[in-house]
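Visitor: for reference, the sequence and a predicted model appear below.
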Amino acid sequence: MGSYVIRLKLLPQDTTTEHQKIVDSVSGVLPEGASIRNQRIEPIAFGLSAVIVDVVVPEEEGAVDKVEQAVSTAPLVGQSELVGVSRMSSKLPP
């Protein structure tokens, strides 16, 4: 069974919020089995930056929706946007 990599763009509620606190906030609300794989900061304008995170979740029906819903409830996230979803295989062929 493989996994999904879900890329999300997160905007903070406040421009003064530290990016790591946003990532920690999201990490705390992810469904069981999901984890943050990568993160980076993307400057937008006027001191506002977005946090781009890659969330890895086991491949199962509704997994993407569960992650999106959980991230939207994270305390420090003002807005979230699904950027992309990709399937990654956890097994290598023989």
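Guide: Nice, thanks for sending it over. Numbering: from 1, shown residues only.

Visitor: okay, CA-based contacts and neighbour counts for the rest of this
Guide: OK.

Visitor: can you pull out the helices in this protein?
Guide: 19-29, 63-72 (DSSP state H).

Visitor: who wins for proximity to Ile6 among the ones you listed?
Guide: helix 63-72 (7.2 Å; C-alpha to C-alpha).

Visitor: how big is the angle separating the closest one from helix 19-29?
Guide: 130 degrees (axes from the mean of the first three to the mean of the last three C-alpha atoms, to 10 degrees).

Visitor: and helix 63-72, what does it pack against?
Guide: helix 19-29, strand 77-88 (3 or more C-alpha pairs under 8 Å, 6 or more residues apart in numbering; DSSP states H and E).

Visitor: now do that helix against strand 77-88, angle only.
Guide: Using the same axes, to 10 degrees: helix 63-72 against strand 77-88 is 160 degrees.

Visitor: in helix 63-72, what's buried?
Guide: Ala63, Val64, Val67, Glu68, Ala70, Val71, Ser72 (16 or more other C-alpha atoms under 10 Å).

Visitor: name the nearest residue to the first one, ignoring sequence neighbours.
Guide: It stands for Ala63. Nearest residue to Ala63 in three dimensions, chain neighbours excluded: Val57, at 7.0 Å (C-alpha to C-alpha, 6 or more residues apart in numbering).
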